[in-house]
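Novice: pasting a predicted model and its sequence here:
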Amino acid sequence: MRSKIEKELHIKDRTFIEKVLTYFIREEVTKAGFQKVVVGISGGVDSALTAFLAVKALGKENVIGLSMPYRTSSRSSIEDARLVAEVLEIEFHEIEITPQIDAYFRLFPDADNVRRGNKMARERMSILYDFAHWKRALVIGTSNKSELLIGYSTRWGDSAHDINPIGDLYKTQVWEMAEFVGVPERIVKKKPSADLWPGQTDEGEIGLSYKMLDQILLGYVDLRLRREELVEIGFDPKVVDRVLTMVRNSQYKRKLPIICKIAQRTVDKDFLYLRDWGL
Amino acid sequence: MKVAVAQFRSKLGDFEANLEKTLDFCRRAREEGAVLCIFPELNLTGYNVWDITFEVAVPLDSPKLSPLLEISREIDLTVGLIEESPEHVFYNSALYISSGKIKHVHRKVYLPTYGMFDEGRFFGAGRRVKAFNSVLGKSSILICEDLWHMSTVYLSFIQGTGYIFALSASPGRGYREEGMFGNAEVWMNMGEFYSRMTGSYFIYANRVGCEDGFVFSGKSFVANPYGEIIAEASPFEEEILTVELNEELIRSARANLPLLRDEKPEITLQNLRRVLDEE
């Protein structure tokens, strides 16, 4: 079973999956009456892969990249974001968010890292949507399946976007695809980090490697293995429990607000239409 | 005789737009010399209709179907739509239309209601698998999940069907195959197997396009009575696959492998009775 999980994590025909993801972007963007997308480029591999796919799908003239550093953002993040835009030859804006973030936290000088990080993520979302309106574009999301499942995101921050081509790819699959589509090696190879404060790394914060995380998630989510079965095939019970708890506790992040039902049909419950209704 | 398989992209919930395109495909199929044009499951409504079901359903005597009856004087056609019965039950149905008349109706028997599928929530289930005479010869229409139940193919087989029309709207999933989604490969395996075991042509018409991130897997195909795929479509694009079918090949296959001659439906029936009685 362990070997099945390891095998299942690999994307066999990357050419085909690249075609699927670019087809999805083209279809969903143009059907909705748009030609352009805006993408927040952080310097990390998720947003780089997303930007590469968007350019392949829509052409470089239809992709707008935004880098939105804060004063503590690492030099390498800023440079790698520029690198993505340079390689892709896309319209690119660097908008520093330090003034508005610092202005706000002058009211709360003792605010912790999480509050600050969340505020930054939501500020970036707000700028992306301003650009989307200005440029008549959709916001393309960059959340991968691993982070979506464990809730490693800011609600209404980086988790808010219109379409997401990479949300069914685990982080380790993002690496595979990023390498395949030609994302610069130094971006694919570097340690993943949300870079919300100096020295932050994903794996440090989550408490395990993406390789292990993805295997447990694939076993639990895609193969529907139960906790005991995951432990039986050799995963550390403490790690399994940690992952499953993160999945359960973050379900609220994956859902829209819940509405109190009093009528026959209720918007979030039994008013069932796809977003592509009429498209 | 030439048959046309219409690999089709539907507009979700827009009956009129889909009807227009259906007519256009029929005209093109006619120009290519086809005597019959076969469309995918629910091509006139789109697949994930959910609550749109009650807005796009049509009774079979609806004037909305007149253009289809009209064009059937030039070319026979099989289309998918939501049929509203006189009792106001809604069926996922396929019609065979010829010479200005609806000659046969198949109501989908097996409605997938698991995982990403929710058909049983909206549709009533059909109860009959009946062969009929199409322009090609003795034929059966089966819709998507029907084919995953061997019984529907068996029922077609013992009625002497020589042409199985397999209509589908199969959302792509599985990234462990080459050049197509995993489910598309399963369909091809199924087509090769069923066509050989029944000594019939297996004509698979699938959707393309995207509905809220469900990317339909395309790869429509025709398998001959020897279990060979003789034509196949692309994974993503709309197209018309025009294929020459030969009645003699059914004869040849059944002379070499007389499974239909030797089939003993009464034994199947006796055993079914016994199994059901023992329950």
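Specialist: Thanks, I have it.

Novice: just the helices from the chain, written as ranges.
Specialist: In the absence of a named chain, this looks at chain A. For chain A, helices defined by DSSP state H occupy the ranges A:2-8, A:14-31, A:45-58, A:75-88, A:98-105, A:113-135, A:145-150, A:171-181, A:185-189, A:202-206, A:210-217, A:227-232, A:237-249.

Novice: to clarify, I was referring to chain B.
Specialist: Assigned by DSSP H, the helices in chain B fall at B:15-31, B:53-56, B:66-71, B:150-158, B:182-198, B:247-256, B:259-262, B:265-278.

Novice: turn the ones you listed into TSV, including distance to B:Gly124.
Specialist: C-beta here means a position set from N, CA and C on the backbone, and glycine is covered the same way. Listed next are the helices of chain B as TSV, based on distance: least, CB to CB, whole Å:
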stretch	distance to B:Gly124
helix B:15-31	19
helix B:53-56	11
helix B:66-71	22
helix B:150-158	17
helix B:182-198	25
helix B:247-256	34
helix B:259-262	32
helix B:265-278	23
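
Novice: now mean pLDDT too, for these, in a markdown table please.
Specialist: Formatted as a markdown table, the helices of chain B follow (pLDDT from 0 to 100):
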| stretch | mean pLDDT |
| --- | --- |
| helix B:15-31 | 98 |
| helix B:53-56 | 98 |
| helix B:66-71 | 98 |
| helix B:150-158 | 98 |
| helix B:182-198 | 97 |
| helix B:247-256 | 98 |
| helix B:259-262 | 98 |
| helix B:265-278 | 96 |
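
Novice: could you dump those into TSV and include mean neighbour count?
Specialist: Output for the helices of chain B, formatted as TSV (neighbours: other CB atoms under 10 Å in any protein chain shown):
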stretch	mean neighbour count
helix B:15-31	18
helix B:53-56	17
helix B:66-71	16
helix B:150-158	19
helix B:182-198	20
helix B:247-256	15
helix B:259-262	12
helix B:265-278	10
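
Novice: now the ones you listed in JSON lines, with distance to chain A?
Specialist: Formatted as JSON lines, those follow (distance: least, CB to the nearest CB, whole Å):
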{"stretch": "helix B:15-31", "distance to chain A": "9"}
{"stretch": "helix B:53-56", "distance to chain A": "9"}
{"stretch": "helix B:66-71", "distance to chain A": "21"}
{"stretch": "helix B:150-158", "distance to chain A": "24"}
{"stretch": "helix B:182-198", "distance to chain A": "10"}
{"stretch": "helix B:247-256", "distance to chain A": "32"}
{"stretch": "helix B:259-262", "distance to chain A": "35"}
{"stretch": "helix B:265-278", "distance to chain A": "29"}
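
Novice: please identify which of the ones you listed is closest to A:Tyr252.
Specialist: Each of those was scored for nearness to A:Tyr252 using CB to CB, and the closest is helix B:53-56 (30.2 Å).

Novice: tell me which residues are up against the closest one.
Specialist: Outside helix B:53-56, the residues that touch it by CB atoms under 8 Å, 6 or more residues apart in numbering or on different chains are B:Gly13, B:Phe15, B:Leu44, B:Thr45, B:Val49, B:Leu81, B:Ile82, B:Phe90, B:Phe122, B:Phe123.

Novice: what sits against the residue in the stretch 101-250 of chain B that chain A sits nearest to?
Specialist: Closest residue of the stretch 101-250 of chain B to chain A, CB to the nearest CB: B:Cys210 (4.0 Å). Residues in contact with B:Cys210 (CB under 8 Å, 6+ apart) are A:Tyr23, A:Phe24, A:Glu27, A:Glu28, A:Lys31, A:Asp276, B:Phe216.

Novice: any chance of the residues you listed in JSON lines, plus neighbour count and pLDDT?
Specialist: Listed next are the contacts of B:Cys210 as JSON lines, based on neighbours: other CB atoms under 10 Å in any protein chain shown; pLDDT from 0 to 100:
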{"residue": "A:Tyr23", "neighbour count": "20", "pLDDT": "98"}
{"residue": "A:Phe24", "neighbour count": "21", "pLDDT": "98"}
{"residue": "A:Glu27", "neighbour count": "22", "pLDDT": "97"}
{"residue": "A:Glu28", "neighbour count": "26", "pLDDT": "98"}
{"residue": "A:Lys31", "neighbour count": "17", "pLDDT": "96"}
{"residue": "A:Asp276", "neighbour count": "21", "pLDDT": "97"}
{"residue": "B:Phe216", "neighbour count": "27", "pLDDT": "98"}
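
Novice: give me the number of residues near whatever residue of the stretch 101-250 of chain A ends up closest to chain B?
Specialist: Proximity of the stretch 101-250 of chain A to chain B (CB to the nearest CB) peaks at A:Ile163, 7.7 Å away. Residues lying near A:Ile163 (other CB atoms under 10 Å in any protein chain shown) number 21.

Novice: ok now stretch B:175-195, how far from the chain's centre?
Specialist: 16 Å (CA atoms, centre = their mean, to the nearest Å).

Novice: again, but for stretch B:100-116
Specialist: Relative to the centre of its chain, stretch B:100-116 is centred 9 Å away, using CA atoms, centre = their mean.

Novice: does chain A sit close to that stretch?
Specialist: No. Contact of stretch B:100-116 with chain A (CB under 8 Å from any CB of the partner chain) is absent, the minimum separation being 10.2 Å.

Novice: about what we covered before: who does the residue of the stretch 101-250 of chain B closest to chain A form a beta bridge with?
Specialist: On the basis of DSSP bridges, B:Cys210 is bridged to B:Val215.

Novice: OK, contacts around A:Leu88?
Specialist: A:Ala51, A:Phe52, A:Val55, A:Lys60, A:Val63, A:Gly65.

Novice: buried subset of these?
Specialist: For the contacts of A:Leu88, a burial check counting by 16 or more other CB atoms under 10 Å in any protein chain shown picks out A:Ala51, A:Phe52, A:Val55, A:Val63, A:Gly65.

Novice: give the contact list for residue 162.
Specialist: Here I'm looking at chain A. Residues in contact with A:Asp162 (CB under 8 Å, 6+ apart) are A:Ala132, A:Leu138, A:Val139, A:Ile140, A:Gly141.

Novice: wrong chain, I was asking about chain B
Specialist: B:Gly162 neighbours (CB under 8 Å, 6+ apart): B:Leu136, B:Gly137, B:Lys138, B:Ser139, B:Gly199, B:Ser200, B:Tyr201, B:Pro225, B:Glu247, B:Ile250.

Novice: which of these are buried, as a ChimeraX select command?
Specialist: To isolate the buried members of the contacts of B:Gly162 in ChimeraX, using 16+ other CB under 10 Å:
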select /B:136,137,138,139,199,200,201,225,250
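
Novice: now for the closest residue in space to B:Phe181 that isn't next to it in sequence, how many residues are close by?
Specialist: Excluding the flanking residues, the one nearest B:Phe181 by CB to CB, 6 or more residues apart in numbering or on different chains is B:Gly172, at 3.6 Å. If you count neighbours by other CB under 10 Å, B:Gly172 ends up with 25.
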